[in-house]
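Asks: Take this sequence and fold it.
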Amino acid sequence: MSTPNHHYLDASAAETKRKAALALPIRSAHAGAPADVSTTIRATLAQLGPELVALSRSIFDHAEEAFRETESVADIRRLLSAHGIESRGGAYGLPTAFEAEIGDPAGPTVAILAEYDALPGIGHGCGHNIIAAAAVGAFLALATVADQLPGRVVLLGTPAEEGGNGKELLARAGAFDLVDAAIMVHPFGYDAADHPFIGRRIVRVRYTGVAAHASASPFMGRNALDAVALNYQAVGFLRQHLPPGDRIHGVVLAGGDRPNIVPAFAELEYYLRSPAVETLKDLSERVEDIARGSALSTGTTVEVLWDPSPYSLPIRFNQPLTARWAVRQAELGRTVLTTAVVPSELAASTDFGNVSARVPAIHPVIRVSPPRISLHTLEFADYAQGPDGDLAVRDGADGLALTAADFLFDEDLRRAVAADFAAAGGVLDVEGYFS
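Replies: Coordinates of the predicted model:
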């Protein structure tokens, strides 16, 4: 078996290290929360550390897949209850979603999002155990200053990021209607403020032909597998002419039953990804043209089924809020980089993009593994349950809690956050964008 060559990743890491040494630190023009509030939050987090690490490890061991995260949610809600905080299970109609809140509902609202679903066969190879524990830690720390908060903090448990697009389902049910900003953190191979997570759509292409005996009367058949093969090759040719950030990857789901029967049905599924909503829309149109052209060429009929689960849009990063995260992480000794330093082509997708198209949002990544260790691997899972993952829980909780406090206490920061969101296009019609 051929062994993948790591030269590209190693060279990229070396170049990133070189750029990082020259990069200026991220600055914020805003003061954020009062010093005494920040001190109290950090003192609380120091005490909470062992409980948060234990929660992360427990969620890691459960390794529950999308929409089945019952034990993980139970662990989180038990910890909240142990600290005197009520939570609501089954939030917004999703059985494994939950919600808790503290603070003054008359003021602005910031939502801290927790993910906790795992991958089939890999478990927490994306480190969602870290995401959940850091979010819970931030919320519990803020609860100790709840009577001082000039606004409200919501802890929202969001199931099924891996393939189910749980955040979009929550958004459609109104979870973000009263939210002024949303924040979360994701584990990664670097500390980065605005690492791109690109948009993704799913399309299933089904071809129907005419069955016939493949030897005695093939001329009476119309081969659906031929349409699939032609489609797959045409998509391969298309890749040469795509913008550098676009991705297409697919599998054949059905291709016939026996070689001596001309296949009357065949089916493919593709994931389409792109860094911008406009280019994702263009890519979708080109792939649909290929689907219909392949049917015409083979005398088959085609059904093109878009978005069997809701699509994910690219993340919009709110720059003033991102700067507060970077400043707070620098206080812990972490150097937060930007896309000018970290290679942007190492990009995946997330349903948090749909949240960021509705409200100002940040989704920084926090270093857990060496850069050459990829997400969605058993190797990354090892780091997610190891000492580096435990540190990311503590540091991530710190960054989320203090960024949330900064947002609530600093009116000038909130104005800058709102202005940045408006300049990026404001609220997008997520549900209707591809209609």
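
Asks: domains for this protein, by residue range?
Replies: Domains of the chain are assigned by automatic domain parsing as 7-197+315-423, 199-306.

Asks: of all the ones you listed, which gets the most neighbours per residue?
Replies: Mean neighbour counts were compared across those using mean count of other CB atoms under 10 Å; the top stretch is domain 7-197+315-423, at a mean of 21. Just so you know, the C-beta spots here come from the backbone N, C-alpha and C atoms, and that holds for glycine as well.

Asks: distance between it and the chain's centre?
Replies: A distance of 11 Å separates the centroid of the chain from that of domain 7-197+315-423, by CA atoms, centre = their mean, to the nearest Å.

Asks: what distance separates the start and the end of that domain?
Replies: End-to-end span of domain 7-197+315-423 (CA to CA, to the nearest Å): 40 Å.

Asks: who wins for proximity to residue 434 among the domains of the chain?
Replies: With CB to CB, the closest approach to residue 434 among the domains of the chain belongs to domain 199-306: 6.3 Å.

Asks: Residue 429: which of the domains of the chain is closest?
Replies: Nearest to residue 429, of all these, is domain 7-197+315-423, at 8.8 Å by CB to CB.

Asks: Residue 358 contacts residue 171, correct?
Replies: Yes - the pair residue 358 and residue 171 qualifies as a contact (CB atoms under 8 Å) at a distance of 6.1 Å.

Asks: got any residues that touch both of those two?
Replies: residue 430 (CB atoms under 8 Å, 6 or more residues apart in numbering).

Asks: picking up where we left off before, okay, the domains of the chain in JSON lines with distance to residue 434 next?
Replies: Below are these laid out as JSON lines (distance: least, CB to CB, whole Å):
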{"stretch": "domain 7-197+315-423", "distance to residue 434": "12"}
{"stretch": "domain 199-306", "distance to residue 434": "6"}
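
Asks: Make JSON lines from the ones you listed and add mean pLDDT and distance to residue 1 to it.
Replies: Below are the domains of the chain laid out as JSON lines (pLDDT from 0 to 100; distance: least, CB to CB, whole Å):
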{"stretch": "domain 7-197+315-423", "mean pLDDT": "96", "distance to residue 1": "17"}
{"stretch": "domain 199-306", "mean pLDDT": "97", "distance to residue 1": "20"}
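
Asks: all helices of this protein, in order?
Replies: Counting by DSSP state H, the chain has helices at residues 7-22, 35-62, 70-82, 128-143, 166-172, 224-239, 277-298, 319-330, 352-356, 378-384, 387-409, 411-423.

Asks: and residue 197, which of those is closest to it?
Replies: Nearest to residue 197, of the helices of the chain and by CB to CB, is helix 352-356 at 6.1 Å.

Asks: Can you name the residues in contact with the closest one?
Replies: So helix 352-356 is contacted by 113, 161, 165, 167-168, 171, 176, 182, 184, 197, 199, 310, 312-318, 361, 363, 430 (CB under 8 Å, 6+ apart).

Asks: can you check stretch 280-296 too?
Replies: For stretch 280-296, the surrounding residues in contact (CB under 8 Å, 6+ apart) are 199-201, 203, 205, 207, 227-228, 230-231, 234-235, 238, 242, 246, 248, 270, 272-274, 300-302, 304, 306, 313-314, 433-434.

Asks: Over to stretch 38-55?
Replies: 32, 75-76, 79, 132-134, 136-137, 140-142, 144-145, 390, 393-394, 397-398, 401-402, 405.

Asks: if we go to 6 Å?
Replies: Here stretch 38-55 makes contact (CB atoms under 6 Å, 6 or more residues apart in numbering) with 79, 133, 137, 140-141, 144-145, 390, 393-394, 397-398, 401-402.

Asks: Could you do stretch 10-21 as well?
Replies: With CB under 6 Å, 6+ apart, stretch 10-21 has contacts from 337, 341, 342, 343, 371.
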